[in-house]
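Peer 1: Requesting a structural model of the entry that follows:
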Amino acid sequence: MKKVKIIGVPEHFNLPWHMAIEEGAFADRGIDLNWQDIPEGTGKMCQMLNDDEADIAVILTEGVVKSITDGNASKIVQEYIGTPLQWGIHVGSKSNYKQLKDLEGTKAAISRFGSGSHLMAYVNAQKECWNIDTLKFEVVNHIEGAAEALTNGNADYFMWEHFTTKPLVDDGTFRRLADCETPWPCFVIAATVPFIRENEGLLKHILEVINLYTSEFKSIPSIDKTLSNKYHQKLEDIKEWLSLTVWSNQQISESKINLVNNTLKDLGRIDEILPYSKIIR
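Peer 2: Model (predicted):
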């Protein structure tokens, strides 16, 4: 059995991986796929890929493109979610902020620098015509840290996936002022260059398995109830999320990577634009 270290966020997007592991689909091909949840998100996962603490990551597109541009020896091997991510923009439930425009010049809670919550704060600011040079940040590591920071006033708003944060909106921890959609497919599968170089056949098997599971995922009987129970979300929210989400088994297109690159460059998040061939396998 070949051991492979894979990381991803503990969110509903990744249930197909857990199902495939639990049902022995990877083991049947001689692969011991060891999954580790990373609640800190993409910034932490980029660091783990860079430090050789993981072989593969299911990771936000914009975050890994920036990290690769900054020197991370990894590449995107496939698109995973072909649809945008809905980033909810949240404030503390007792805050005085009522509209999105009220947040201009305030401090954003982020999981870490280079994370999706960090980069999307810039995307949102550009969309709202705010001065991106005045953005301020408070590193909170994860969603629990954001809840604490927004409650005690150490930060003013927090951007995180709409449906993952919905329970905290429902229980009155957060108020959602708006959503900001990514302009590109949100999740990709990335792997370190050494792993790709040494395990081409193995990687092919891993992708074949997960693509089989994602292609059939929505047709699994009562999958909405399974997701609702496992991730502690209301059934109507899961049904809405499923209607918005499409899994992909294709490589992310050059046009989409160019859009990510150009956006990050315009926002001052990267200094150079790498060729498509340097970013994808």
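
Peer 1: Once you drop chain neighbours, what's closest to E181?
Peer 2: P84 (4.6 Å; CB to CB, 6 or more residues apart in numbering). Yep, even glycine has a C-beta here, placed from its N, CA and C like the rest.

Peer 1: same question, K278
Peer 2: The nearest residue in space to K278 (CB to CB, 6+ apart) is I68, at 7.4 Å.

Peer 1: In three-state terms, label that neighbour for me.
Peer 2: At I68 the chain is in helix, as set by DSSP: H, G, I helix; E, B strand; the rest coil.

Peer 1: Please enumerate the helices of the stretch 151-281 of the chain.
Peer 2: When secondary structure is read from DSSP state H, counting those that start in this stretch, the stretch 151-281 of the chain shows helices at 162-170, 193-198, 200-216, 223-230, 235-244, 254-266, 276-279.

Peer 1: Minimum distance to D156: which of those helices has it?
Peer 2: helix 162-170 (15.6 Å; CB to CB).

Peer 1: other SSEs contacting the closest one?
Peer 2: In terms of contacts (3 or more CB pairs under 8 Å, 6 or more residues apart in numbering; DSSP states H and E), helix 162-170 is packed against strand 86-92, helix 143-152, strand 174-181, helix 235-244.

Peer 1: 7 Å instead?
Peer 2: Using 3 or more CB pairs under 7 Å, 6 or more residues apart in numbering; DSSP states H and E as the contact test, the elements touching helix 162-170 are strand 86-92, strand 174-181, helix 235-244.

Peer 1: so how far is stretch 55-63 from its chain's centroid?
Peer 2: Computed by CA atoms, centre = their mean, to the nearest Å, the chain-centroid distance of stretch 55-63 equals 7 Å.

Peer 1: Before we move on, what's the pLDDT of G114?
Peer 2: We have a pLDDT of 88 for G114.

Peer 1: show me the contacts for it.
Peer 2: 43, 46, 63, 66-67 (CB atoms under 7 Å, 6 or more residues apart in numbering).

Peer 1: Let's see that with 10 Å instead.
Peer 2: 41-44, 46-47, 62-64, 66-67, 70, 72, 269 (CB atoms under 10 Å, 6 or more residues apart in numbering).

Peer 1: Got phi/psi on it?
Peer 2: Backbone torsions of G114, given as degrees, to the nearest 10, read phi 90, psi 0.

Peer 1: Please tell me the pLDDT value assigned to the residue lying closest to M19 once chain neighbours are set aside.
Peer 2: Counting by CB to CB, 6+ apart, the nearest residue to M19 once its immediate chain neighbours are dropped is Y213, at 6.1 Å. On the pLDDT scale, Y213 is placed at 97.

Peer 1: Can you tell me how far Y213 is from I223?
Peer 2: 11 Å (CB to CB, to the nearest Å).

Peer 1: So the two - more neighbours on which side?
Peer 2: For the pair Y213 and I223, the greater number of neighbours falls to Y213 (20 against 17), based on other CB atoms under 10 Å.

Peer 1: pretty sure the more buried one is touching E23, no?
Peer 2: Yes: assessed by CB atoms under 10 Å, Y213 is found in contact with E23 at 8.7 Å.

Peer 1: ok so G63 is a helix residue?
Peer 2: Yes: according to three-state DSSP, G63 belongs to a helix.

Peer 1: Okay, the residue positioned nearest the centre of the chain and T226: tell me how far apart.
Peer 2: Centroid check for the chain by CA atoms, centre = their mean gives L60 as the closest residue, at 3.7 Å. Taking CB to CB as the measure, L60 falls 24 Å from T226.
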